[in-house]
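**Q** what shape does this take:
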Amino acid sequence: MNEQSVGIDVSKSKLDVCVLKGEKAKTKVFRNSRTGHAELSEWLRQRELLVGTPVVLEATGPYSEAVAIALSDTGWAVSVVNPARIAGFAKSELTRNKTDKADARLIAKFGQRADLDIWVAPSLATRQLRALVDRLQALIDMRQQEKNRLEALDHGTPTNVRRMVDEHIEWLNNQIKKVQSEIDDHINGNPELRLDAELIESIPGIGRRAAAQFLAYIGDVRRFHNAKALAAFIGVTPRQKQSGSSLNARSRLSKAGHASARKALFMPGMVAKRYNPVVVAMAKRLEARGLTAKAIVGASMRRLVHLIYGVLKSGQPFDAKIALSKLEFQEGI
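**A** Predicted structure coming up:
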């Protein structure tokens, strides 16, 4: 338990901060900008906090990452936690008020009681890769929307709109090729990213785009203690639902993790259960046990995470013999 803790409620334009020393609280609001981050760090320094005092904030994408990086770079022990943990803690505290100030105090209180891991900021190269990967996905989503519009137009009155949509799709195709090329150049221009991408792509079922997505969303997997911790972070671990003799539901994916990384693994999981010898062997065992096709895909995704962790941790490309020998001692998912 920590005697002192800092909680930060992050929004797009501001940061509500609460410093707890025992039950005594000190609050202040800062702008969520570079200037505001610097002012926050200086204000925290003036509070004369103990060394190692946790600075806790929820993972809210780019809004929280910027301030987390700024505070981490200035030496603060930053912990970026899953919002579900804070929500669960709020329920246990029977919290009634929902304001930014109250949320900051709640997060600080959570920091006093929880077992926290120190957040490690992703490298600049990883952050740049993620920006490119996010842009590529946005373009692909826009292209699919336009293709859906074409289908609707084919069933309606002929107009010039179809020509406009066709032109937009052509422009999107060119942009997608351009961004994909920039992603390839970025990975090839960074020795560490290039080596990790080659190791991941050595696993049957994982292609160039999926490898780039995984590196962008997860960064360096070596920071995880083991493959199970990585799988839990992504949310591909099984969640059991059993109580007494009346409740014994099927296990399903927890989905309490990184949604984008999990989404990026879906198609590789589909492909791997047909072409990756390790995943194929596992899928056959699970099918014989009566698991549904969807559950097998989820198990395939989890197996891929374990394989990715293995090749990156060892620095050796995928070897089916080694992976299959380990599979012999494991029981399904």
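**Q** where does A229 land on pLDDT?
**A** On pLDDT, A229 comes in at 91.
**Q** distance-wise, check it relative to K26.
**A** When distances are taken as C-beta to C-beta, to the nearest Å, A229 and K26 turn out to be 35 Å apart. All C-beta spots, glycine's among them, are computed from the backbone N, C-alpha and C.
**Q** same question, D100
**A** Relative to K26, D100 is positioned 15 Å away (C-beta to C-beta).
**Q** out of the two, which sits in the more crowded spot?
**A** For D100 versus K26, neighbours defined as other C-beta atoms under 10 Å are more numerous around D100 (16 against 13).
**Q** helices of the protein, residue ranges please.
**A** Listed from the start of the chain, the chain has helices (DSSP state H) covering 34-46, 62-73, 83-92, 100-113, 124-154, 161-188, 191-201, 208-218, 227-234, 259-275, 277-288, 293-314, 320-327.
**Q** relative to helix 208-218, how tilted is the fifth one?
**A** With axes from the mean of the first three to the mean of the last three C-alpha atoms, to 10 degrees defining the directions, helix 124-154 sits at 120 degrees from helix 208-218.
**Q** let me see the mean pLDDT of helix 124-154.
**A** Here the mean pLDDT over helix 124-154 is 94, rounded to a whole number.
**Q** on that earlier part again, adding distance to S5, write the helices of the chain out as CSV.
**A** Supplementary listing: the helices of the chain in CSV, determined by distance: least, C-beta to C-beta, whole Å:
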stretch, distance to S5
helix 34-46, 12
helix 62-73, 14
helix 83-92, 12
helix 100-113, 3
helix 124-154, 27
helix 161-188, 38
helix 191-201, 34
helix 208-218, 27
helix 227-234, 23
helix 259-275, 28
helix 277-288, 43
helix 293-314, 32
helix 320-327, 41
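**Q** excluding chain neighbours, give the residue nearest to the spatially most central residue of the chain in space.
**A** The geometric centre of the chain, computed from its C-alpha atoms, lies nearest to H258 (C-alpha atoms, centre = their mean), at 2.9 Å. The spatially closest residue to H258, leaving aside those adjacent along the chain, is I234, at 5.1 Å (C-beta to C-beta, 6 or more residues apart in numbering).
**Q** also E39?
**A** Using C-beta to C-beta, 6+ apart and skipping the chain neighbours, the partner closest in space to E39 is F30 (5.6 Å).
**Q** touching, that neighbour and L15? I think so.
**A** Yes: the pair F30 / L15 is scored as a contact, 4.6 Å apart, by C-beta atoms under 8 Å.
**Q** please identify which of the two sits among more neighbours.
**A** L15 (24 against 19).
**Q** in the sheet, who's paired with the more buried one?
**A** Counting by DSSP bridges, L15 forms beta bridges with V10, F30.
**Q** so that it lines up with my notes, have the first residue be 34 from now on.
**A** In the new numbering, first residue 34, that becomes L48.
**Q** that one: what's it in contact with?
**A** Applying C-beta atoms under 8 Å, 6 or more residues apart in numbering, we find L48 in contact with I41, D42, V62, F63, R64, N65, G69, L73, V100.
**Q** look at G85 and say how many residues are nearby.
**A** By the criterion of other C-beta under 10 Å, G85 has 10 neighbours.
**Q** likewise for P310?
**A** Neighbour tally, P310, other C-beta under 10 Å: 15.
**Q** contacting residues around the residue nearest to R307 when sequence neighbours are not counted?
**A** With C-beta to C-beta, 6+ apart as the criterion, R307 has its nearest non-adjacent residue at 6.9 Å, and that residue is V313. Contacts here follow C-beta under 8 Å, 6+ apart; on that basis V313 touches A305, K306, R307.
**Q** can you report how many residues lie near A332?
**A** Residues near A332, counting by other C-beta under 10 Å, number 24.
**Q** need the per-residue pLDDT for it.
**A** Among the per-residue scores, A332 shows a pLDDT of 93.
**Q** now it: how far from E320?
**A** Applying C-beta to C-beta, the value for A332 to E320 is 10 Å.
**Q** quick check: phi and psi at S235.
**A** Main-chain dihedrals, S235, degrees, to the nearest 10: phi -70, psi -10.
**Q** report how many residues lie close to it.
**A** By the measure other C-beta under 10 Å, the count of residues near S235 is 15.
**Q** which one is it nearest to, not counting chain neighbours?
**A** What sits nearest to S235 in space, not counting adjacent residues and going by C-beta to C-beta, 6+ apart, is P350, at 3.8 Å.
**Q** correct me, but that neighbour touches A230?
**A** No: applying C-beta under 8 Å as the test, P350 and A230 come out as separate, 11.8 Å apart.
**Q** higher neighbour count, the two?
**A** Remark: of P350 and A230, A230 carries more neighbours, 22 against 12, as counted by other C-beta under 10 Å.
**Q** let me see the contact set for the residue lying closest to the more buried one once chain neighbours are set aside.
**A** With C-beta to C-beta, 6+ apart as the measure, A244 is the residue that lies nearest to A230, at 4.8 Å, once sequence neighbours are left out. For A244, the contact set (C-beta under 8 Å, 6+ apart) comprises A230, I233, E234.
**Q** dump these into a markdown table; add distance to D148 and pLDDT as well.
**A** As requested, the contacts of A244 are arranged in a markdown table below (distance: C-beta to C-beta, whole Å; pLDDT from 0 to 100):
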| residue | distance to D148 | pLDDT |
| --- | --- | --- |
| A230 | 34 | 97 |
| I233 | 31 | 97 |
| E234 | 36 | 97 |
